[in-house]
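K.L.:
Coordinates for the following, if possible.
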Amino acid sequence: MVRHVAVLKGESVSDSFALQGKDSMMAWQLLRNAKSRTNPWLPLGFREERAVWRDAHSLFGSFEDRSIRPPILDWIGDVTDDALDETHRYAMDVAGLCTDPRKPAKVVSWHAESLPLPLTILKQPALCAQVKKALEMAENGERALGFGAERLAERFLTPQDRVGGEKRDPDRKAVSRLADSLLRLQQYWAALQVEFQRFVVDLAALGRESIDDDTGRTPALDVWIRQCRLSARQSMDLACRRWAMVTGASAPSRTRSAPSSLLSTKKLPDTEANQEVAENDAAIAG
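P.N.:
Okay, the predicted model is just below:
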């Protein structure tokens, strides 16, 4: 029997009632620069330029300072030991509408995505933290690409002649426009989408015990970081080809060194180099 009903327009509930953590199917993210007297927590939704898997850490785990996962996943984690097979590969389907940010009532498109849902990750906060770190590494790769594309644009737009004995700096807006035309970030993220699903499955299979005490990373995360570096190099290589088309110059050599020289990947640990150093040290010690 239904005794009381509240009919509301969307999320127009009282400001004193916090929705986050109460809608069983919704994930939430914290908006740090929220205006005063407004709820700083926003529901995780679809965006035209961003796939949902890039925010998977907000679905798999709750981080008090940034995100809250859907309560239904808390319930699934609680009943895993008694009702669900932890070794079975489950999937999580996410569906929803994408609206125009300037006109929230205007529906732009609808989306549906499927992600692997290893129950081990739901139950282990340390593994959720590995997922968050993996996505941070991927974002670092995007920033490295942006830096590399700007360096390419500067090479084309910086005048080689000197005026008054000083070299003129390029117009920053022109550099940004050319860099955007050279770079295709969609290719970078598309190349990582399947690799991310493989990373999640491998992370769950290895478990919490695989986290290295020194680096704080798992072997699955190391493989993922190498994939981010590889995808960034490939995207930078394509940007170099577009640069050659724009300038009419010969394209930079399509070797790993040429695109990598334009990238700033200091925030993407070179796990291959670290492994080589470790092997050399072990050989010397032996």
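
K.L.:
Domain parsing of the protein, as residue ranges.
P.N.:
39-122, 125-159+170-285 (automatic domain parsing).

K.L.:
Quick check: which of these is buried the most?
P.N.:
Looking across those with neighbours counted as mean count of other C-beta atoms under 10 Å, the highest average goes to domain 125-159+170-285: a mean of 17. To be clear about C-beta, it is placed using only N, CA and C from the backbone, and glycine gets the same treatment.

K.L.:
Over it, what's the mean pLDDT, rounded is fine.
P.N.:
Across domain 125-159+170-285, pLDDT averages out at 79.

K.L.:
In contact with residue 44: list those residues for me.
P.N.:
26-29, 52, 55, 58-59, 67 (C-beta atoms under 8 Å, 6 or more residues apart in numbering).

K.L.:
In three-state terms, label residue 45 for me.
P.N.:
coil (DSSP: H, G, I helix; E, B strand; the rest coil).

K.L.:
Run through the residues that contact the nearest residue to it once chain neighbours are set aside.
P.N.:
Excluding the flanking residues, the one nearest residue 45 by C-beta to C-beta, 6 or more residues apart in numbering is residue 96, at 6.3 Å. Applying C-beta under 8 Å, 6+ apart to residue 96 gives the contacts 45-46, 110-111.

K.L.:
those helices in the stretch 1-150 of the chain, which residues are they?
P.N.:
56-60, 71-83, 119-123, 125-157 (DSSP state H, counting those that start in this stretch).

K.L.:
which strands and helices sit next to the second one?
P.N.:
Spelled out, it's helix 71-83. The contact analysis (3 or more C-beta pairs under 8 Å, 6 or more residues apart in numbering; DSSP states H and E) places helix 71-83 against helix 119-123.

K.L.:
helices or strands next to the helix it packs on in the packing?
P.N.:
Helix 119-123 sits against helix 71-83, helix 125-157, helix 185-206, with contacts defined as 3+ C-beta pairs under 8 Å, 6+ apart.

K.L.:
Show me the strands in the stretch 151-286 of the chain, by range?
P.N.:
162-163, 166-167 (DSSP state E, counting those that start in this stretch).

K.L.:
Could you tell me the least trusted of those strands?
P.N.:
strand 162-163 (a mean of 46).

K.L.:
so which of the domains of the chain comes closest to residue 1?
P.N.:
domain 39-122 (25.0 Å; C-beta to C-beta).

K.L.:
residue contacts, the nearest residue to residue 197 once chain neighbours are set aside?
P.N.:
By the measure of C-beta to C-beta, 6+ apart, the closest residue to residue 197 outside its immediate chain neighbours is residue 116, 5.4 Å from it. Residues counted as contacts of residue 116 (C-beta under 8 Å, 6+ apart) are 89-92, 197, 200-201.

K.L.:
any idea how far residue 76 is from residue 70?
P.N.:
9 Å (C-beta to C-beta, to the nearest Å).

K.L.:
Next: residue 171.
P.N.:
From residue 171 over to residue 70 (counting by C-beta to C-beta), the distance is 47 Å.
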